[in-house]
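Sequence plus the predicted model coming up.
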Number of protein chains: 2
Amino acid sequence: MNIAEEREAEDKRWMQRAVSLGYRGWGTTSPNPPVGAVIVKGGCVLGEGFHERAGEPHAERRALADARARGHASELRGATIYVTLEPCSSYGRTPPCTDAILESGIARVVYGAQDPDPRHQGRADGLLRAAGIDVSAGVEQGACKQLLRPWIYATLHRRPWVLAKVACTLDGSMARKYTRWVSSPEALAYAHECRLRSDAILVGGQTVRSDDPSLTIRQPLSAIPEKKRQPWRIVLTRDPHSLPPTAKVFTDAYAERTLVYSNVANLPDLLAELYSQYGIITLMLECGGHLLRSFLEEHLVNEWVQDIAPILAGNGQPMLPGGYLPGEAHLEISEMQQCGVDRILRGMIRYS
Amino acid sequence: MNIAEEREAEDKRWMQRAVSLGYRGWGTTSPNPPVGAVIVKGGCVLGEGFHERAGEPHAERRALADARARGHASELRGATIYVTLEPCSSYGRTPPCTDAILESGIARVVYGAQDPDPRHQGRADGLLRAAGIDVSAGVEQGACKQLLRPWIYATLHRRPWVLAKVACTLDGSMARKYTRWVSSPEALAYAHECRLRSDAILVGGQTVRSDDPSLTIRQPLSAIPEKKRQPWRIVLTRDPHSLPPTAKVFTDAYAERTLVYSNVANLPDLLAELYSQYGIITLMLECGGHLLRSFLEEHLVNEWVQDIAPILAGNGQPMLPGGYLPGEAHLEISEMQQCGVDRILRGMIRYS
């Protein structure tokens, strides 16, 4: 390897570290993106950090604070910072990270994904270069974009990324005769892990009436981060008076996190409202077949998680009632795993 | 390892070889079982063979003939024969293998599975021991029984082992709007491989009317053995006059292999007839949901292969029409694999 190749390999390695730091904030940062940052000098980490919650410091400032707390303040001059997303250059709830970087004496900035917002895209890059900083963009861009995918989508489309989660039997039944549960306990834990990464969970009134679900995160596969709030519970109904006031979503400790929408005529408008008013970036659907079908028909489902229980139940209802979809939805399976006796298929949805 | 352990390990190794030889006859031997045999002396193979087709020599006689053809006739005295199933001891279409073993001078017989037929079980074992042969039974019994599973089942229950094969979309549709095909080409090849291992394929009249399938083996994953006959095509219908006489199953080169049954009142009786009259050991179902449901309701499906195409089609029909099954059927998944974009789940069915 020559020097350029060595530097490239090193850049990739540190960016991978920044990506894994970023994932530690996955699910708690909305409406902000999950971002990770590492400051490196002479092959050693001076400091690292990730963005944890909106209103709190960004990953770059957390990494700088970490370096200072570790006693490396004087070594920052000439160091390199690796950050998964182009640093911010404007005042939000916190001052711009470009300022903090310039003040610190850092000599090189390596970032993964560009800011998707056309108003900001490339601005920090330009500012930093103008100040004489060595800037490298697009390092491990694929991994960075994967971490940022829901946020990039929401930023560009002004509505949440939608993950549909379905549990069914081999014959496509979403219900069984003698038990409410289709999923194995291990698959339930996987579903709670999905909730952990979501800002809101949407169901129909029928689900509230028949299942009375909590829609809270109780037993995910990983630990619940301290700063994670229980997700918003969104209930869509034709008649709000049909919802039992004693339902868990109205009476539990998170009752103020339940939103009821009645007679929603336009799903994209609803999603736009959830994004702009509540900062919801990732919305998880746990609704029944009718509502799921409506989201699919409008091409609003981005990602799909299907838990298949190895049972033939024959409940007589198709998963998506109403006949052939106008266009088919294709699942690009990126994950297939066993959870207890169940099998989970997960991937992105492509419409034809 | 002491001497006993060494002998045990060696026995297992040779029996595994016999099992893989047995698989070479898998799908061509009905109504006989697939059996493999290896004759060994001093750690060297003298001869080996497998049963290929009913009426032709059994595996033991093939292995003896192979040893003689290789010029090892004089070395047979004192040798060991490994055979996956207890040798036969009675006259069928060929003379008993126990005679051939005794005549050859073989000193030790190691077999895997016992003959499941209570009239023959243990008989060869006793005959051989009485003649002074060293007999070991039950070596690699699990692997031998797996190879023999359909045959053991058919022998004990006097009806075929039933493999149901289903192709569906993620939402349980067995049909799509704009194309007849649910499966990927790779999953179709897998289905043809299942046909290769079956003696007969069963469909309903509706499938013949709407799909006009050939139900022949055309493009399996492995080569079609020279001695494999095209499977029987069994058509169940309420009214034989409703079947188009121009359908492929009535007009192709294998038309004499098509059997039509009308107004079948009792599926177990039909299966008993297929077994006793046509020697059908393995029956593959490629029927629609109604007929499939009838087989499941009577607990007649033993094995299940489900090809899941990663598509949401919404055809509006449940896979198993008619409402909840009286008892659920559980799939004990032993195989999960990718075939093109599709995923295949396979295993045994357990009823609750």
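Done, it's in.

Name all residues that make contact with residue A:26.
By CB atoms under 8 Å, 6 or more residues apart in numbering or on different chains, the contact list for residue A:26 reads A:34, A:147, A:197. All C-beta spots, glycine's among them, are computed from the backbone N, C-alpha and C.

what does the stretch 151-300 of chain A put close to chain B?
A:168, A:170, A:171, A:172, A:173, A:176, A:177, A:293, A:296 (CB under 8 Å from any CB of the partner chain).

Next step: these restricted to strands.
residue A:168 (DSSP state E).

Among the residues of the stretch 151-300 of chain A next to chain B, which pair sits farthest apart?
The distance between the two most remote of these (CB to CB) is 26.7 Å, for A:177 and A:296.

Which residue does the stretch 151-300 of chain A have closest to chain B?
Per CB to the nearest CB, residue A:172 is where the stretch 151-300 of chain A lies closest to chain B, at 2.1 Å.

Neighbour count and pLDDT added to the residues of the stretch 151-300 of chain A next to chain B, as TSV?
Listed next are those as TSV, based on neighbours: other CB atoms under 10 Å in any protein chain shown; pLDDT from 0 to 100:
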residue	neighbour count	pLDDT
A:168	23	96
A:170	25	97
A:171	27	96
A:172	27	94
A:173	28	92
A:176	17	89
A:177	14	87
A:293	21	97
A:296	25	97
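
before we move on, the earlier item: could you double-check that the residue of the stretch 151-300 of chain A closest to chain B lies in contact with residue B:168?
Yes: contact criterion CB atoms under 8 Å: residue A:172 and residue B:168 qualify, at 7.2 Å.

what residues are shared contacts of those two?
residue B:319.

Just list whatever residues bridge to the nearest residue to residue A:232 once chain neighbours are set aside.
Excluding the flanking residues, the one nearest residue A:232 by CB to CB, 6 or more residues apart in numbering or on different chains is residue A:200, at 3.7 Å. Residue A:200 forms beta bridges with residue A:232, residue A:283, as assigned by DSSP bridges.

Determine the longest helix present in chain A.
Using DSSP state H to define each element, chain A has its longest helix at helix A:3-23.

moving C-terminal of it, what's the next helix or strand?
strand A:36-41 (DSSP states H and E).

So what's the gap between that next one and the chain middle?
23 Å (CA atoms, centre = their mean, to the nearest Å).

again, but for stretch A:305-312
Remark: stretch A:305-312 is offset 24 Å from the chain centroid, using CA atoms, centre = their mean.

mind checking the end-to-end distance for stretch A:195-212?
Stretch A:195-212 has an end-to-end distance of 17 Å (CA to CA, to the nearest Å).

I should have written stretch A:231-246 there, sorry.
By CA to CA, the extent of stretch A:231-246 from end to end equals 19 Å.

Quick one: mean pLDDT over it.
Stretch A:231-246 carries an average pLDDT of 96.

how about that stretch: buried residues?
For stretch A:231-246, a neighbour-count test (16 or more other CB atoms under 10 Å in any protein chain shown) marks A:231, A:232, A:233, A:234, A:235, A:236, A:237, A:243 as buried.

Using TSV, lay out those together with distance to residue B:343.
Formatted as TSV, these follow (distance: CB to CB, whole Å):
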residue	distance to residue B:343
A:231	30
A:232	33
A:233	32
A:234	31
A:235	33
A:236	31
A:237	35
A:243	38
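
picking that back up, would you tell me which one of the residues of the stretch 151-300 of chain A next to chain B comes nearest to residue A:91?
Nearest to residue A:91 among those, with distances taken as CB to CB, is residue A:296, at 40.1 Å.

The closest one is in contact with residue A:330, isn't it?
No: the criterion here is CB under 8 Å, and residue A:296 misses it with residue A:330 at 11.3 Å.

Pull up the overlap in contacts between these two.
A:349, B:312.

Residue A:142 and residue A:336, how far apart?
As for residue A:142, its distance to residue A:336 is 21 Å (criterion: CB to CB, to the nearest Å).

do residue A:124 as well
39 Å.

likewise residue A:5?
Counting by CB to CB - residue A:5 and residue A:336 are separated by 35 Å.

Name the residue in those two with the higher neighbour count.
residue A:336 (14 against 9; other CB atoms under 10 Å in any protein chain shown).

which SSE is the more buried one in?
Using DSSP H and E, residue A:336 falls in strand A:329-339.

So which residues make contact with that strand?
Counting by CB under 8 Å, 6+ apart, A:183-184, A:186-187, A:189-190, A:296, A:301, A:304, A:306-307, A:343-352, B:170, B:310-312, B:336, B:338, B:341, B:343 sit against strand A:329-339.

any chance you could map the strands in the stretch 151-300 of chain A?
Ranges of strands in the stretch 151-300 of chain A, per DSSP state E, counting those that start in this stretch, are A:161-169, A:200-204, A:232-237, A:258-262, A:282-285.
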